[in-house]
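Visitor: predicted coordinates and the sequence they were generated for:
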Amino acid sequence: MDKKSFILYKDIKVQIDALPDEEAGQLLKAIYEYQVNGEEKELSPITAMVFLFIKQQFTRDHEKYEVRVNASRKNGSKGGRPKVDHNLKNPVGYNKTNSVKNNPTKGDTVNVTDTVNDNVTVKDKDNKEGDKSPKRKRFSPDLSFILDNEMLLIFDKWCKGKSKKYKNQIQVEAGYNKLMKLSQGSFADATEIVNNSLASNWEGLFPLKDKGKIIPQVETTEEELSEIWK
């Protein structure tokens, strides 16, 4: 990595807090190893999943950084911002004809005739502040109610990856309860359910197709049994 710094975001704290202190320390070392040397250390499955979330954010940040660098490099190749010619007689760009009495003194009358080609829109100063509407704060799910570390990680992955984000905490807890019901508390099934919805860009969670499928039983006749035991 050619940069001298990187960013860790606050929203990853939930996953880090779910790790034991020893694994959290291993995660920190793995982050620096990846940023400094570009190598990925071997981690436990849960710690590796947390590292994957952080690595994806690093990739997005690096892409944004490259866009800014390339834009700056492109502007630099063009010589930067153009210089302003302070000797221009008409920098504003309108035609003006002035009729002014030379060397006017106090009490003299000054006549000015202007012809302006630009359209000017004037806003009421009193209403200027009223036009600004406050930005709506983005909702951030609180997953502290999830006690199982593995289910916490997979549901956090669903919250961040789903196409239509949850708008309030009630929707978050309802979504988690649905995942638990569909997976029957199985981490493997919950992982497959979440991955299926993310891969298909679904807005919700759906049961696995093969779950609960009845496999037909074939009855063996006495003749077939006798042939088997010969």
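Guide: On my side now, so go ahead.

Visitor: show me what the helix or strand containing His62 is packed up against.
Guide: His62 belongs to helix 45-77 when elements are defined using DSSP states H and E. Here helix 45-77 touches helix 13-17, helix 21-37, helix 149-161, going by 3 or more C-beta pairs under 8 Å, 6 or more residues apart in numbering; DSSP states H and E. C-beta here means a position set from N, CA and C on the backbone, and glycine is covered the same way.

Visitor: comparing these, which comes out most buried?
Guide: Burial of those is given as mean neighbour count (mean count of other C-beta atoms under 10 Å); helix 149-161 ranks first at a mean of 19.

Visitor: next helix or strand past it?
Guide: Next helix or strand after helix 149-161 toward the C-terminus (DSSP H and E): helix 169-183.

Visitor: and Lys29, how far from Ala18?
Guide: As defined by C-beta to C-beta, to the nearest Å, Lys29 lies at a distance of 18 Å from Ala18.

Visitor: got it, and Ser140?
Guide: Going from Ser140 to Ala18 by C-beta to C-beta gives 17 Å.

Visitor: quick one: which of those two has more around it?
Guide: More crowded of Ser140 and Ala18, by other C-beta atoms under 10 Å: Ala18, with 21 against 14.

Visitor: can you tell me the closest non-neighbouring residue to Phe187?
Guide: Nearest non-adjacent residue to Phe187, counting by C-beta to C-beta, 6 or more residues apart in numbering: Glu150, 4.5 Å away.

Visitor: can you check Ala18 too?
Guide: Distances taken as C-beta to C-beta, 6+ apart place Asn149 nearest to Ala18, at 4.6 Å, with adjacent residues excluded.

Visitor: next up, the contacts around the one you found.
Guide: Taking C-beta atoms under 8 Å, 6 or more residues apart in numbering, we find Asn149 in contact with Ala18, Leu19, Ile46.

Visitor: outline the domain layout of this structure.
Guide: Residue ranges for each domain of the chain read 10-77, 149-199, as given by automatic domain parsing.

Visitor: mean pLDDT lowest for which of those?
Guide: Mean pLDDT across the domains of the chain is lowest at domain 10-77; the value there is a mean of 86.

Visitor: quick check: end-to-end length of it?
Guide: 38 Å (C-alpha to C-alpha, to the nearest Å).

Visitor: if I look at the nearest residue to Ser140 once chain neighbours are set aside, how far off is Arg68?
Guide: Leaving out its chain neighbours, the residue that sits closest to Ser140 by C-beta to C-beta, 6+ apart is Asp11, at 6.7 Å. To Arg68, Asp11 is 23 Å away according to C-beta to C-beta.
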